[in-house]
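[1] Test case, fold it:
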Amino acid sequence: MTTPPPEGRHSIHRKLLAAHVAGASRYQIVTITAPAPNVAVAQVRRTPHDAADEFSEMALYVLVKRDERCGWRPAR
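    This is a model prediction of the structure:
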């Protein structure tokens, strides 16, 4: 699996933000696992503060610790 080009990444989020679809939100870490040394996988849930806001989502983040100097970075 390869990463899509930058112009294609998260285009739905840009469209939703521009349309003001998602209002104030609460972000909750659902799970964090470490499947290998220096690799963390986190599942994050976004829930709206306003019950009338029907848009919610889940996201999966993969972070890789490349070296001590740089710390954790998103996987590519």
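[2] for residue 51, what are its contacts?
    By C-beta atoms under 8 Å, 6 or more residues apart in numbering, no residues touch residue 51. From N, CA and C alone the C-beta is placed, and that goes for glycine too.
[3] what about it, which SS state?
    Assigned state for residue 51: coil (three-state reduction, DSSP: H, G, I helix; E, B strand; the rest coil).
[4] Against residue 29, how distant is it?
    Taking C-beta to C-beta, to the nearest Å as the measure, residue 51 falls 22 Å from residue 29.
[5] do residue 48 as well
    The value you get for residue 48 to residue 29, if C-beta to C-beta is used, is 17 Å.
[6] So the two - more neighbours on which side?
    Applying other C-beta atoms under 10 Å to residue 48 and residue 29 shows that residue 48 carries more neighbours, namely 16 against 10.
[7] Without its sequence neighbours, what residue ends up closest to the more buried one?
    Among residues not flanking residue 48 along the chain, residue 25 sits closest, at 5.5 Å (C-beta to C-beta, 6 or more residues apart in numbering).
[8] and the one you found, how far is that from residue 33?
    The value you get for residue 25 to residue 33, if C-beta to C-beta is used, is 24 Å.
[9] okay, those two: which has more neighbours?
    Per other C-beta under 10 Å, whichever of residue 25 and residue 33 has more neighbours is residue 25, with 16 against 10.
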